[in-house]
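Enquirer: Next one to model:
(2 chains)
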Amino acid sequence: MSNHYYNTNYEPTITTEQAFDPEFQSTFSDYSSAGDKSSGSGFGGAFSKNFGKSFLDMWKSGNSGSSSSSKGDKNVFNPGTMGGGSISPIGDKGKHFLFQYTHPQATIMPTAPSQPGLGEKLLTTAAGAAVNAGVGAIFACDERVKVDMAPLESTEVNDSLAEIAFFVKGLRECA
Amino acid sequence: MSALEKLKKLEPIQFRYKENIDPNQSLRAGFSAQQVQEIIPEAVHEVDGVLMLDLNVLRNYLSLAKEELLSKS
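Expert: The predicted model follows:
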């Protein structure tokens, strides 16, 4: 899998202990700022070492994307375990520099007759997210998800929909 | 029917979402999607069986209505 997705012949030679050792001069310090080249210390050196360590360990262990591996230690960056999402490479051959991240909550759930009721379903969909967050340009205005409906007098939530509603109310009162 | 006339036909309402949707039960301002659908059908979309209001369409109507009002004054 590693050879297929990450077509590189480079084999890192540092260990986890070496990567976190401030005295250790890894080859990654070559990518740090000019002042850090000799020692590999400072922000550039530490960052490049730790960055290189995490990713290279991940590639070495084959612990990439959504696939899990028992070989990875707790310090290894593993995007596949973050938030339950998954990362998959775009394309099917050669080196991959582009990955798409699929977040589980951003997925619109398919509907079926046996699924939860309207309100519960709303909460698990992108539409439900729009309702709860009050963002975006789409609002659930279905009467079936509302209670206490009455002619507009006041609001406790000043969102875009409320602005439009009060504008229309003004139009009607001026007419 | 002009945009201004259509907007005037809309009935702004106050409401609360059902508790399983909004546990805070905040009082909100808006419209009934069913009523909007009768007047401006292109502003209402059905998502998973729930009618949703597209504010971009309503904003376009607001712009047209404002122009109409300015041209009259």
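
Enquirer: Report the buried residues of the helix or strand hosting A:V168.
Expert: Assessed by DSSP states H and E, A:V168 sits inside helix A:160-174. Neighbour counts over helix A:160-174 (16 or more other CB atoms under 10 Å in any protein chain shown) mark A:160-162, A:164-169, A:171 as buried. In short, each C-beta sits where N, CA and C put it, glycine included.

Enquirer: Please apply the same query to stretch A:142-149.
Expert: A:142, A:145-146.

Enquirer: Next, see if it gets close to chain B.
Expert: Yes - using CB under 8 Å from any CB of the partner chain, stretch A:142-149 reaches chain B at A:142-149.

Enquirer: What of stretch A:155-171?
Expert: Yes - counting by CB under 8 Å from any CB, chain B is contacted by stretch A:155-171 at A:155-157, A:159-162, A:164-169, A:171.

Enquirer: Wasn't B:L53 part of a strand?
Expert: Yes - counting by DSSP: H, G, I helix; E, B strand; the rest coil, B:L53 is found in a strand.

Enquirer: Quick check: closest non-adjacent residue to it.
Expert: A:C141 (4.1 Å; CB to CB, 6 or more residues apart in numbering or on different chains).

Enquirer: Hmm, B:A29 and the one you found touching each other?
Expert: No - if you go by CB atoms under 8 Å, A:C141 and B:A29 don't touch, sitting 10.9 Å apart.

Enquirer: returning to that earlier point: out of the buried residues of helix A:160-174, which is nearest to B:N24?
Expert: A:A162 (15.2 Å; CB to CB).

Enquirer: Tell me how far the residue nearest to B:L64 when sequence neighbours are not counted lies from A:L171.
Expert: Excluding the flanking residues, the one nearest B:L64 by CB to CB, 6+ apart is B:A3, at 3.6 Å. B:A3 is 11 Å from A:L171, where distance means CB to CB, to the nearest Å.

Enquirer: what is in contact with these two at once?
Expert: B:A65 (CB atoms under 8 Å, 6 or more residues apart in numbering or on different chains).

Enquirer: Geometrically speaking, which residue is the centre of chain B?
Expert: B:F31 (5.0 Å; CA atoms, centre = their mean).

Enquirer: In the residues of stretch A:155-171 next to chain B, find the pair that's most separated.
Expert: Top of the distance list for these (CB to CB): A:E156 and A:L171, 22.6 Å.

Enquirer: Now do the end-to-end distance for stretch A:149-166.
Expert: End-to-end distance of stretch A:149-166: 15 Å, with CA to CA, to the nearest Å as the criterion.

Enquirer: Identify the residues contacting that stretch?
Expert: Stretch A:149-166 is touched from outside by A:134, A:137, A:139, A:141, A:143, A:169, B:11-15, B:26-32, B:53, B:55, B:58-59, B:62, with contacts defined as CB under 8 Å, 6+ apart.
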